[in-house]
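[1] For reference, the sequence and a predicted model appear below.
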Amino acid sequence: MKPSARRSYTMRARAEAVEATRDRIARAAMARFLAQLYDDVTIAAVAADAGVSAQTVLNHFESKEGLFSAAAAIFSADLAGAREQAPPHDAAGAVASLVAQFEASGDGNVRLAVLDERIPAVRAALEKGRASHQELLARVFGDRLPGGAAERRRALAALHAATDVYTWKLLRRDLALGRAATQQVMTQMVEAIASTWNTDDGDDA
């Protein structure tokens, strides 16, 4: 192997190792942020989970907020990948997909939501999550949505409310419904909303 080729290979291997370390730290952080209160997550704990030093974590992400942003990006990418592999095509499928997501991470999402006014990185992640949620609903319902912009916006807002993580929490945690019953109620809510849509092209606010 020529020296130039050897140097190129070495640099590429180092870059891949750095990226692998960064990904491992971000995933360790994601697990911590979903399992614990934000304020209880420490750089030292994430470093220990990832098998690196606290300084390595800071070298990659600079701060706890930077670490959270990276963890949120990993979470969003994983979620988008899962939806691409098994995209829902109807109301029941969309609710089933969302309930599965909430069963895995809903409690952590609810804990984080109370911090949106205090921590900019959390607010940014929540805003991205809400946008992704509405994109999913728009894809699933597509041409069934009302034609007017204002009516369509209200329809998506109603669907979002019926399928939001807080709705899941109310049914699943506060009212102690089982997973199947929670999914059934949310599906019924979505179908009831869809049955009321006015599909004309009015655009009243």
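    Received, thanks.

[2] so where is this protein shaky, pLDDT-wise?
    For the chain, the stretches flagged by pLDDT under 70 are 1-11, 198-205.

[3] For Phe102, give its distance to Thr163.
    To Thr163, Phe102 is 9 Å away according to CB to CB, to the nearest Å. In this view, the C-beta of every residue, glycine as well, is placed from N, C-alpha and C.

[4] actually His133, not the one I wrote
    In terms of CB to CB, His133 sits 7 Å off from Thr163.

[5] and if you look at Ala155?
    13 Å.

[6] what helices or strands is the helix or strand encompassing Ala15 leaning on?
    When elements are assigned from DSSP states H and E, Ala15 belongs to helix 3-35. Judged by 3 or more CB pairs under 8 Å, 6 or more residues apart in numbering; DSSP states H and E, the packing partners of helix 3-35 are helix 43-50, helix 54-61, helix 64-85, helix 91-113.

[7] what angle do the longest one and helix 3-35 make?
    Put simply, helix 91-113 runs at 90 degrees to helix 3-35, going by axes from the mean of the first three to the mean of the last three CA atoms, to 10 degrees.

[8] other SSEs contacting helix 91-113?
    Counting contacts by 3+ CB pairs under 8 Å, 6+ apart, helix 91-113 packs against helix 3-35, helix 64-85, helix 120-141, helix 149-163, helix 165-169, helix 179-195.

[9] Please point out which parts of the first one sit buried.
    Neighbour counts over helix 3-35 (16 or more other CB atoms under 10 Å) mark 21-22, 25-34 as buried.
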